[in-house]
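Q: attaching a predicted model along with its sequence, questions to come.
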Amino acid sequence: MSMLVYPVYANWVWGGGWLSQLGVNFGLGHGHVDFAGSSVVHLLGATAALTGVWILGPRIGSMIPTAGAVPIPGHHLPMAIIGIFILGFGWFGFNTSGALSGLDSRISLVVMNTMLASAAGALAAMFYLYFKIDRFDPGMTANGFLAGLVSITASCAFVAPWAALLIGATGGILVCVSSSFLEHALKVDDPVGAIAVHGACGSWGILALGLFADGSYGDGLNGVSGGLRGLFYGDAGQLGAEIIGLLACVLWAFVTCYCFFKATDLIWGMRVSPEVELKGLDIPECGTQAYPDFSVRRF
């Protein structure tokens with residue numbers, strides 16, 4: 001990933017590569033733009049994960065022919081909630097990093113949009129599931145929080161705060177829908193919803209930039225004069241560039257990671273024996289049980 005998959009696509013977008021030049025060469029807005037990584041980081045990683053999960057197959061007990069997807073809960077939900085707040089704190093540095101190189105005037109907007117989108121994503125996921133299943137789901141609320149962050153990562157410097165709220169809220173609902181679709185329709189075992197959070201919402205984040213960029217920023221970006229504008233502000237070409245970048249990201253990550261995971265599976269094998277899987281890898285690898293009160297039933 002660090003030697004081949006990420007660097008090549010990152011160069012296409014952030015290093016003056018062909019995706020960044022779609023505007024100069026083909027008149028598609030400012031080319032494929034991704035301020036902090038909705039596609040370069042999140043969608044790329046999610047596509048790699050989805051490819052690996054597809055080859056690996058579901059965990060024992062997670063997919064039952066007669067019952068469909070069966071949740072296997074983690075061992076410590078409060079620790080998971082603390083984790084998403086740590087991630088949220090780190091996201092301020094993650095999203096503002098692009099604003100530190102001569103773009104100081106945008107830092108406050110980037111921070112504002114990041115906070116608004118995360119809150120909107122958490123609330124949207126929480127209330128969506130409340131109206132759907134008549135109870136609050138802390139795990140999916142946490143994923144909604146992360147979904148809002150992933151969704152705003154591409155456009156945090158280019159959209160107004162009201163749009164950040166809308167983008168984050170849409171991401172919060174999208175992660176609930178996409179997570180259910182992956183598990184129940186596609187039978188993909190996504191233990192913590194990471195593929196839904198980073199894949200579905202990374203895609204949405206890229207498209208959202210192509211829709212809601214308001215033209216207040218971006219003059220000269222990728223060699224194109226004038227502010228960066230999305231479809232709702234008069235530039236359909238920008239949305240076209242985002243779509244091309246999205247498809248290129250998925251195709252590149254899928255092909256490269258499929259070759260890697262398939263070769264790994266054929267040469268060494270990616271899966272441990274059923275006995276080891278049920279006991280937990282901590283026992284054969286570390287000689288002890290990490291979570292003695294946590295077990296998986298074999299169906």
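A: Great, that's in hand. Computed from a predicted model, the values in this text were never measured in an experiment. Numbers count the residues shown, from 1 in each chain.
Q: pull out the buried residues from the helix or strand that residue 242 is a member of.
A: Using DSSP states H and E, residue 242 sits within helix 236-267. The neighbour-count check on helix 236-267 (16 or more other C-beta atoms under 10 Å) flags 237-246, 248-250, 252-253, 256-258, 260-261 as buried. Quick note: C-beta positions are derived from backbone N, CA and C, even for glycine.
Q: and the most centrally placed residue in the chain, what does it touch?
A: For the chain, residue 198 is the residue whose C-alpha lies nearest the centre (C-alpha atoms, centre = their mean; 1.4 Å). Counting by C-beta atoms under 8 Å, 6 or more residues apart in numbering, residue 198 touches 42-43, 45-46, 49, 150.
Q: what ranges in the stretch 101-250 of the chain fall below the confidence cut-off?
A: 101-104 (pLDDT under 70).
Q: how about the helices in it?
A: 107-133, 138-152, 161-180, 194-195, 201-212, 236-267 (DSSP state H, counting those that start in this stretch).
Q: quick one, the third one and helix 138-152 angle?
A: Using axes from the mean of the first three to the mean of the last three C-alpha atoms, to 10 degrees, one finds that helix 161-180 and helix 138-152 are set 130 degrees apart in direction.
Q: helix 161-180 vs helix 201-212, what angle?
A: 150 degrees.
Q: can you give me the neighbour number for the spatially closest residue to residue 70 that is not a sequence neighbour?
A: Leaving aside its sequence neighbours, residue 70 sits nearest to residue 64 (C-beta to C-beta, 6 or more residues apart in numbering; 5.4 Å). Using other C-beta atoms under 10 Å, residue 64 has 11 other residues around it.
Q: for residue 185, see how far away residue 64 is.
A: 15 Å (C-beta to C-beta, to the nearest Å).
Q: do you know how far the residue nearest to residue 70 is from residue 139?
A: Taken as C-beta to C-beta, the span from residue 64 to residue 139 is 20 Å.
Q: mind saving the C-alpha coords of stretch 189-202 as CSV?
A: Output of stretch 189-202 as CSV, limited to C-alpha atoms (Å, rounded to 0.1, in the frame of the first residue of the first chain):
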residue,chain,number,x,y,z
ASP,A,189,-18.5,-9.1,6.6
ASP,A,190,-17.5,-5.6,7.6
PRO,A,191,-16.9,-6.0,11.3
VAL,A,192,-16.9,-2.3,12.4
GLY,A,193,-18.5,-0.7,9.3
ALA,A,194,-15.2,0.6,8.1
ILE,A,195,-15.9,-0.1,4.4
ALA,A,196,-19.2,1.7,4.7
VAL,A,197,-17.7,4.6,6.5
HIS,A,198,-14.6,5.1,4.3
GLY,A,199,-15.9,3.8,1.0
ALA,A,200,-19.5,5.0,0.7
CYS,A,201,-18.8,8.3,2.5
GLY,A,202,-15.5,8.8,0.8
